[in-house]
Structures are given as C-alpha cells and as structure tokens.
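Undergrad: build me a model:
(2 chains)
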Amino acid sequence: MTNGEPLLHVRRPTAFYQRRGFQRWVAPLAVVVLVGLAVLTPNNALLLGVEHLMVAEGNVGSKKVLFNDPQIQDRLLRQHIQVRVTEKGSRAGVTSSLKGVDFVFPSGQPAKDLIKGHDGAREHPPLFTSPIAFATYREYVPALTKAGVLSEMPLARDSESPIPRDDGPPIFYRLNLYRFVEVMREETRWSELDPTLKRDNQILAQTSDLCDANHAATYLGMVAYAENSEPDTDGNPRGRPVTDPAQATAVAERVRPIFRQRGMAAEAPQDLYFVDEGRQWPIVVLYEHQFLSHQVEARERSGDLDRDRVLLYPDPGFMTQPIMVSLTENGHKLGDVLDSDMVIHRRALELGFRVVTDGGLFGSKELQRYLADKGVPMPALAENATTVELPDGALLEIMIDEVLRGIRTCPKPPQ
Amino acid sequence: MPEAAAVMSKVVRRMALLSVAAVLIAALTGCAAGDAPVRLRVLASSELTDLRPLLADLREQTGVELVMEHRGTIDASDAIADGDQDNPEFDLAWLSSDRYLELALRKHHPDRPPLLSTTIMTSPVVVGVTPDVADKLTANGPDVNWADIADLGATGELRFAMGDPRHSGSGLAALVGVATAAADTGHALQPEDVRCDRLAGFHTGRKGHSDNAADAAEEFATSQDRLNGLITYESTLLTLNAEGGLEQPLRLIYPTDGIVLADYPLLLLNDERRAAYDKVVDWLRGDEAQQRIMDDTARRPINPAIRRSERLTSAIGTALYYPDDLDVITKLQNNFHAFDGGEPARRHVVFVLDYSGSMRGAGIAGLRASFAELTGATGSSFVRFYQGERFTVLRFAGGVLEEREFTVGSEQDLAALRAMIATEDFGDTTAIWSAVDAAYAAGARIQAARPGTRIAVVLMTDGLNNTGIPADAFLANQGMRGAVGPLFPIRFGAADPAELSYVASRTPGGRMVDATTEPLTEAFEETRGCF
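TA: You can find the predicted model right below:
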C-alpha cells in the first residue's frame, strides 16, 4: 500500500447521461417508450388515439371492392370504424348463419329479398347502381357479331367534357339479349360461327354458383324474361317476367340447359376475368363498375385502354342496386356513416359506381366526367332503355330450384 | 479514461437489458392484440410439399404455422366429406381444386353452407412429353387435342405416368378432359355421355402406377427409359425441367379442346380459426408471397399486380365445362378402374360383316371406311384399335365365309385386317342369323378360354335374312348358351329395323344403331366402347 498525500481528483462535470438519476429512471423509460412506439406504430389504431375501435363484420359479394379499398378503409378508420368482410357471394352471405354478422351487402334485389323479415334488420337507402353486363375478349367479337348478337354501343356525350380521343376498336358493344338467348338455346358452338377460334365448346355465359351469387340469379331472371317473350305489334320480341309458379316452373325448364350445360360454376370468374387465366371462359357475367375500374387502372398503368377486354351491355338491360342491410347496432352505425359520408360516395364513383344518393351529386354525369378525365369512354345508357323485369323473389327461387332439380337444392336462409 | 469507459459500458449494458425488456413487453402486448403464435393443421394436396420454404417465412412474418399433411386431392376430399363437419380433424385444407370436394359435400351434407374458400394460385393440368413425341403430335400443326393424345396412347407410342383419378386431382382432371373431348358434345358431361367408354386408347397409354401427382412425377423421373410422358400440373413439369434432372426437358402440350385449371383454394374447415385464416390468406395473396410462389414453385399468381415470368405466359386455352354430377365422376373413375391393371384383353368384339351381293358398291365402301378409321388410317380418333386389343372378324353371305381372330400388336396385324376387308369375295344370299349365331358361339368359346372377358357382337347388314336359321332359332340357341354379351346391329340399306331392334333388345345392353340417318362411320363410332 502506498501512503502519501491524498490525491485530489478533479471531477469533470458529469454529463447528463452519467447522472444517476438519468441512468436509473429517464433512460430506461425512454427506451421502453421508443421501442414500444416502434413496434406499435404500424398499427393505425395508435395514431388515432387510444379510443376504442368499433368493428363491424359483414358478408359481402362483389361489393367487397368498396371495403377492400384503402381510401375507404382509411376514411372509416378516422371515424373509428373497422370493417371486416367475408367474401361469400351475395346470396350465400344471406343464407348462411348470421351469427356475429353486423351487416350484409348483397349486390342486388334477388339476394336482398332473402333477408326480408330478419329481426332487427334495417335496409338502407340505395347508394349506387351498376348495370349488369357480359364481359368477353376481343377475339370473340367477330363470332358474336356474325350471329347478330352484337351491335354498336353509342358513347355518352357531354357538352362540358369531350369524349376522350379513342382511336382503337371499341371496348363497349350492345348485346341483343333475345338473340343471345336464342344462340345459346340452339346449342351453337364457337367454331360454328368462327372457325378460326378453334373452340368447340357451346356458347354459354359463365357465372358463379346460382345458389351463392346475385349476378347468377339475376342472369337467370334475364334469360327467363327473354325466353318468355311474345312478339309486339312490329313482330319484335318483347320479354315478360313470369307471374305465377306454374309459369315459373315451365320457363325454368326451357332454359335449364343454358345453366346445366355449363356444369359446375366457375371459381371467382369476375376476379379471374381480369388476369390471363380468365381467358379460359369466353363470356362471363359481371357488373359495369368492375370493368370500368379495370379500364381506369389500365390507362394509368400502360397509357392505353385494355382493348383486349370488351364489355357487352344487354338490351333489354338491368341496373342492379346493391343494398346495405344492417343487422346489429354496429351495423346500423356503419350503415349511417355510409349513407351520409360524401368522401366515401366520391370514392365509390371513382371505383366505377353510378352514385344515386346526394341528389345526383355523383351520378352518371359525374361518373362520365371522372372517366373522361382518366381517358376512359363511357357508354350512353338511354333514359328510356328497355329494362328487364325480374320476377319477384319467391318465383325466382322456384326457378332456381327447377333449374337445379335432380342435382341439388340451394341452402335456405336460416329460420 | 478507464473510469468513464467502465461507466459507459455499465450504461450500455443497462440500456441493452432494458431494450430487451421493452421489446418483450411490446411483443407481449402485440400478442395480446392477436399475434400469438398459432399452429393450424392443414390437409394439403401431395404436390404442395414444394411450399415448405415459403411456409417458414409465413410463420416468421405472421406467427401462423401451417402443419401440412399431404395426400392425393381426391383422397383428401373424401376424408373431409366423410369426417365430422362440426369437429373437423383439420383446421384448413389446401387442395389443388375443391370441385370434387364440393360435389362430395353437396351429396353427403346438402344442407350445409359452402366452405369459405379463397384462391391463392393457379396451374393448368397439361401433358408433358419428350421432344420426339412432341414432334409426332405436332406433325400436322401446332394444335394438339385430346384425340391426338389418346391416339398415340392407343398405338403405344405415348407411354405416360399420371395420378390415379380415384385418388389424384390431376389424374381426375385429365380424365375429365379426355372424356369430355371424346363425348364431343361441347358441354359438361352428363351421365348419358359416359355410357360409351371411348377412352380405351387413352387408358392404354397410361403405363405408370402412381396414386397421386407427387408420386407420378417421381415415377416418371426414375423411369425415363420406359416412360415418355407425364400428365400433371404445369408447375410440376416446369419445375422438373428447371431442376435439370431429366434426360431431356419435357415439352408442354396444352390440349386445345379444353383443359382444367387447378386454382389451389385455401379452405377454412374449422370456423374458430377464422382470424388466423384471414391472416394467412392476406399474406399468401400479398405481393411478396405471390412473387415467391411464381419464382420458386412455377405456379401462376392470382394477384394481378405481379408481372408474369416468361415460362408462365403460355395461353392455357379454353376451360372445360366441368361435370356437376358426382355420378358422372364416379362412372369415369369406375371405367378407369375396369381398365386399370393393363389388361386390354378383357374386352373382345366380334364383327359380323355382310358380304352378300347387295353390299357391292356403297355398302362395302362405307364398311371399309369405318375399318380404316378403326385402324388409325384416317387421323386421330378416340375409337381406334388400341395396343393389345383382341377382336374377331367374321364375313358372311349364305353362310360364314371367313372367320379370323386378331390381336393388335404391330402394323402387320392391321395390314392383315385391311387385306381381309378388302376382299371381293361376295355371296348371293344373306344368312344373318346363322352368322350371328356363329359369332356368339365364338364369343362363348372365348369367354370359356379367358374368363372375365366382356364380349360384344357388332353386326353390319344392309339386307333381309333369306337363308339359314331364322331369328327365333338364334334366340333359342342363346337361351341355351347364356347371355354372352350385347348385340349392336348397325342397319343400313334395306335391312329390317324392326327385326334387328327386337333381337338386339333381347341381348343384355344391346340396341340397334340406324346408319340410314347418319354416316356409317358415325354409327360405328356410336357402338365403340358402349358396353
């Protein structure tokens, strides 16, 4: 041991990070907070505050596109609503168990009818419409034109916005529904109309399952309407809806091959249509909004329309009207927001819907302008265009049962 | 300064410890929000073993682990349909297609709503062949259809492996494809379309014995000396080619008359696992996973944002209309089973051909044209004679003129047949029932010599019976002989439809085919395989 004069160490002033207080309390706390933030921030909920998020569970069909849209999701989150959807097909969504389901959003009347009388269900006013249509690919147009099924579709004109410059072949056509049904009834094959197609399959429009999807049931209603036609004073066919069970059964039996000859329904044909593999089905039934939003995306992505894909508007046609039906308190809250939120309505327009609420603020004219801005033409739907009259719900169910007779029966709504 | 350093290191250590603690706390609170590791039991198709690396990343990024049990798709579907629907053995199913499962569920549990099902990726069922076979198939142009495939199978030039349609999704898809093409109706197979089995040629070509897709691929890879084709998913073929283990890379044939696209749905069997299911689906359909699926397993992505790699841009062509009647599927599988085991000699047709004077000219020309089709002289056909097939040809006029038995082995056998048919040795009278009686006697002898052989007698005549025994005598002889098999009279010219029809109906499964309203070759085709 060395004894000597005590050494006086001049202590440098302690840096803040060396102070005991800091090391014991502040630093650890800071670390916890920083790391915690880093982990939790990706969850939007934190950014909105710790307020409780209301979750609404819903069964939806093709209108899933609304609830999967990031902008609409964001808009709802800002109002503390998080929507979780199950994609089931509009009819399946209302015929399966509704336990834990806050709302259903069937794509149209046939599906909506199934939910009538459900305790506490509240039907909301229609937000938008979208015409039902047939989608095909460019190479099938000559065959269908030759058969007298297709004709030119006029484009919407508006003095305020010019029709976008369009040099290529049209992407919209008018489809003569009576002639189309006739072609299918005659069991015409593609190769008969156009040998270059090398397709020996019968010409049939593909849909999702008749028990599950609104567009399939609507298609049946339209085919029945055309099949049940009688000639008018000029000798042209004029369709009629069926009006009693006996007639429903008889007409359904006549059109059954058009559905049964397809065998099993396609898997998600409306999604598949827009990728390469969709080409396996020459014609599918879908909604205008799906096609329009695809064309907007195509323009944005490649600078041109997707001219390979073509939309056929049936004449007589049908405007489907998706309806929000809320079943619980959470559902009602969501429904109220959807009813009134103009940001969401505007976004729906951008997704290709013809918005009917807000006194026509986002109606067809506005859709046309939006599409014109994006360089996408829009077809002109005449004000007095003939519309298919669908049979009432009970008769449509009879027709569906008759078409599927001997093979299966659809699951019925839970009692 | 050592002291400062020591103090610093203590600070750093403490910070590190606390960081770890903080992360753990955050992770735990994150867990409480639903990120707890989850194990799901998944029943999966056999070929999905190639997803193992991807599933490791799924587990890492979402916390959900998929524990996969692999089986042939049809086997898996049967297990699900037969199982307890409220207490399923598995949480999820990931099958190449849920069409068969859906049909089975509709039959066994008709009141239950459909299972939640989301497509993850797709791959068409196609035909992979060695370059020499591909050249044969495309000799007349780039388009190859199922008849061409069946044709080469019949001659023995195409020898392929394929999953067993009773166990394998790819095997069933191929069988549906070729059967739908053979029926040539342009729509989905109905039960009456499967009445006549025109698939003998196709079945002859299947030389592999594997149950499911994964085994069939392996069987092909290890038997390249005797097999030159593999019918399976496009992804399996592309992967085999890319791995470089094959002697020659296989060429992929997409039959133009229709293919079946497997769309690999992920199915929720256990409703309580919904949250984890949603997480898995979101991840698998996300950009990163879809890109990996495409690059690593050669399947086509479902996400439209992914740009396709070159090898996945082949047009798949038209889809088949897939049968919606489980009975049709069962019939196809049973037909296949009857042919399985590679014993073509199980079936034996006796052709009874009218060589009376009236046949000179148009009659014999039509008959020769029909046989030309059967010997493969007129192009691809589902009805041609297949390798190993045995049949008897009996010519008659006032009595039996000639009777010969054939076994299809080589071109020489077919040449001998053509020579026999080409003869100008006609007679004056027509002894239909004596000839048919002789044919059945021959058939009975064959059945005695080769038990289990199914006999059919195809009669082609244009006239009336004017010598030999009458129809009643023939039927009386049948009474003593036993049933033996169906009679298919093909009637043309002045033949009596009433008598022919009546006698045919007295044989099991027999019926008259009227060739006065359609070409003789088509009438002939109608009977081919109809027993």
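
Undergrad: now stretch A:331-338: how far from the chain's centre is it?
TA: 19 Å (Cα atoms, centre = their mean, to the nearest Å).

Undergrad: how about residues contacting it?
TA: Stretch A:331-338 is contacted by residues A:54, A:56, A:58, A:76, A:79, A:81, A:83, A:101-103, A:122, A:124, A:127, A:324, A:326, A:344 when judged by Cβ atoms under 8 Å, 6 or more residues apart in numbering or on different chains. Just so you know, the C-beta spots here come from the backbone N, C-alpha and C atoms, and that holds for glycine as well.

Undergrad: narrow those residues to those in helices?
TA: Counted as lying in helices by DSSP state H, out of the contacts of stretch A:331-338, are A:76, A:344.

Undergrad: of the contacts of stretch A:331-338 - the most surrounded one?
TA: When neighbours are counted by other Cβ atoms under 10 Å in any protein chain shown, residue A:103 leads those with 28 neighbours.

Undergrad: what about the nearest residue to that one once chain neighbours are set aside, which helix or strand?
TA: Leaving aside its chain neighbours, residue A:103 sits nearest to residue A:331 (3.7 Å; criterion: Cβ to Cβ, 6 or more residues apart in numbering or on different chains). When elements are assigned from DSSP states H and E, residue A:331 belongs to helix A:329-340.

Undergrad: dump that helix to PDB, keeping only the CA atoms.
TA: The C-alpha trace of helix A:329-340 is given here as PDB (Å, rounded to 0.1, in the frame of the first residue of the first chain):
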ATOM      1  CA  GLU A 329     -76.000  -1.800 -33.500                       C
ATOM      2  CA  ASN A 330     -72.500  -1.800 -35.000                       C
ATOM      3  CA  GLY A 331     -74.000  -2.500 -38.400                       C
ATOM      4  CA  HIS A 332     -76.500   0.400 -38.100                       C
ATOM      5  CA  LYS A 333     -73.700   2.800 -37.200                       C
ATOM      6  CA  LEU A 334     -71.700   1.700 -40.200                       C
ATOM      7  CA  GLY A 335     -74.800   2.000 -42.300                       C
ATOM      8  CA  ASP A 336     -75.400   5.500 -41.100                       C
ATOM      9  CA  VAL A 337     -71.800   6.500 -42.000                       C
ATOM     10  CA  LEU A 338     -72.100   5.000 -45.400                       C
ATOM     11  CA  ASP A 339     -75.400   6.700 -46.000                       C
ATOM     12  CA  SER A 340     -74.000  10.200 -45.400                       C
END
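
Undergrad: and that helix, what's its mean pLDDT?
TA: The average pLDDT within helix A:329-340 is 95.

Undergrad: so who does the residue in the stretch 251-400 of chain A that chain B sits nearest to touch?
TA: Nearest residue of the stretch 251-400 of chain A to chain B (Cβ to the nearest Cβ) works out as residue A:263 at 2.7 Å. Contact analysis of residue A:263 by Cβ under 8 Å, 6+ apart lists B:187-189, B:321-324.

Undergrad: just to revisit the earlier point, among the contacts of stretch A:331-338, which are in strands?
TA: Using DSSP state E, the members of those that fall within strands are A:54, A:56, A:58, A:81, A:83, A:103, A:122, A:326.

Undergrad: partners of the second one in the sheet?
TA: For residue A:56, the beta-bridge partners under DSSP bridges are residue A:83.

Undergrad: spit out the contact partners of it.
TA: Residue A:56 makes contact with A:81-84, A:102-103, A:330-331, A:333-334, according to Cβ under 8 Å, 6+ apart.

Undergrad: now the residues you listed in a markdown table, with distance to residue A:300?
TA: Shown next, in a markdown table, are those (distance: Cβ to Cβ, whole Å):
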| residue | distance to residue A:300 |
| --- | --- |
| A:81 | 29 |
| A:82 | 28 |
| A:83 | 26 |
| A:84 | 29 |
| A:102 | 34 |
| A:103 | 31 |
| A:330 | 35 |
| A:331 | 34 |
| A:333 | 34 |
| A:334 | 30 |
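
Undergrad: any idea which of the residues you listed is closest to residue B:346?
TA: Set against residue B:346, the nearest of those by Cβ to Cβ is residue A:84 (57.5 Å).

Undergrad: I'd say that closest one and residue A:54 touch.
TA: No. When contacts are counted by Cβ atoms under 8 Å, residue A:84 is not listed as touching residue A:54 (11.3 Å).

Undergrad: helix/strand/coil for residue B:476?
TA: Using DSSP: H, G, I helix; E, B strand; the rest coil, the structure places residue B:476 in helix.

Undergrad: next, count neighbours for it.
TA: Count around residue B:476 with other Cβ under 10 Å applied: 13.

Undergrad: what's the answer for residue A:247, then?
TA: Other residues within reach of residue A:247, judged by other Cβ under 10 Å, total 18.
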